[in-house]
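1. Next come a sequence and a model predicted from it.
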Amino acid sequence: MSMLSQWLRKAELLLAPPLTRCLICGKNSKGSSPLPEVCSNCAVTIPWIQVPRCTTCGRHVGCPDCTRSNEPTPLICNRSAVAYNEVMRELIGQYKYRGNERYTLLLGLMLDRAYGLLKAEQERERQVQLKGQKRNTLFSYLGYKGEDTWRADLLVPVPVSGARLVERGFNQAERLGHVLSSCRGIPQLALLLRTHHTGKQSFKSRAERLSDMKHAFAIDPGMKDRFAGWLQTRLNPNAPLRIIIVDDIYTTGSTIRACAEPLQRLADECGVAVEIRSLTLARS
Ligand SMILES: [Zn+2]
Ligand SMILES: [Zn+2]
């Protein structure tokens, strides 16, 4: 190839919209889709959860789980980006088990969309509260505005076990959290680790398994100082600390609830009020 044709080829590549292989159907397409590396045909098949039916766990369908269990938990609510269907199972599987990094941005942006909806929901609630207050108090006369924009303070990924980390080479929740953290400018701290509750799960009773799960996570001792240091830098130290636990899939919620407990205890130890919510990619 002559120099000129080489140059023309490069110029062509720069000018033409790149052909990308869709992560869902595998076909090449010109990128005009709203999602990175997904063709516009497949983008419309993503099962977004626009408005959750269950306001506790963010489920898109009627939810007996949350009405049945009365167990107290520090977790206020979960929101998920999408329903866990066949397409999502395949995408998450490719991402998680084959370590395909091309998926990180796509899935991270999906999580970011869920964050946007949670934020909007919290801001609407705040507006409703303010309207109620206006009728009853002098707040409106005093020009009290409160907080118009809702914002989380900290992201905490659900940890994977040391063995999984060696096997996969990465923590999928932490990577998703990293995308969200970059999009929104919210710091992420990996405060939790998995404790070692080994032994054959199959020999255990349901109660034993539940109790194991309850103690499956703890604060990483090495992170305590970093957390305390970070607390000092908060702009609004009197507001409750808003923590979002990040994970890929929400099934029964027992993992997320088990993560919420040590976080609540840590906040108690540090003397700060805390609001713990979770954001997950898919709700099964
Ligand atoms: Zn496609
Ligand atoms: Zn629910």
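-> Done, it's in. Numbers count the residues shown, from 1 in each chain. Ligands and ions are numbered 1, 2, ... in the order given.
2. Please count neighbours and contacts with C-alpha atoms only from this point.
-> OK.
3. Off-centre distance for stretch 98-105?
-> Offset of stretch 98-105 from its chain centre (Cα atoms, centre = their mean, to the nearest Å): 16 Å.
4. Would you mind listing the buried residues in that stretch?
-> Buried residues in stretch 98-105, defined by neighbour count with 16 or more other Cα atoms under 10 Å: 99, 103, 104, 105.
5. min pLDDT across those residues, which one?
-> pLDDT across these is lowest for residue 99, at 72.
6. That residue - nearest residue in space that isn't next to it in sequence?
-> Nearest non-adjacent residue to residue 99, counting by Cα to Cα, 6 or more residues apart in numbering: residue 168, 6.6 Å away.
7. tell me the average confidence for stretch 206-216?
-> 77.
8. buried sites along it?
-> Quick answer for stretch 206-216 (16+ other Cα under 10 Å): 212, 213, 214, 215, 216.
9. Show only the entries of those residues found in helices.
-> 212, 213, 214 (DSSP state H).
10. shaky segments in this structure?
-> 1-18, 31, 67-70, 134-147, 197-203 (pLDDT under 70).
11. How about the residues of the protein by ligand 1?
-> Within the chain, the positions lying close to ligand 1 (Cα under 5 Å from the ion) are 22, 25, 39, 42.
12. switch the cut-off to 8 Å
-> 21-29, 38-43 (Cα under 8 Å from the ion).
13. Would you mind checking the residues you listed for buried ones?
-> Among those, those classed as buried by 16+ other Cα under 10 Å are 21, 22, 23, 24, 29, 38, 39, 40, 43.
14. Return the residues in contact with the nearest residue to the second one once chain neighbours are set aside.
-> Put plainly, it is residue 22. Closest residue in space to residue 22, ignoring its immediate chain neighbours: residue 38 at 4.5 Å, by Cα to Cα, 6+ apart. Each residue near residue 38 by Cα atoms under 8 Å, 6 or more residues apart in numbering is listed here: 21, 22, 23, 24, 31.
15. how does it look with 7 Å?
-> With contact set as Cα atoms under 7 Å, 6 or more residues apart in numbering, residue 38 has these partners: 22, 23, 24.
16. The first one contacts residue 30, doesn't it?
-> No - shown here, residue 22 and residue 30 do not form a contact pair, counting by Cα atoms under 7 Å, at 9.6 Å.
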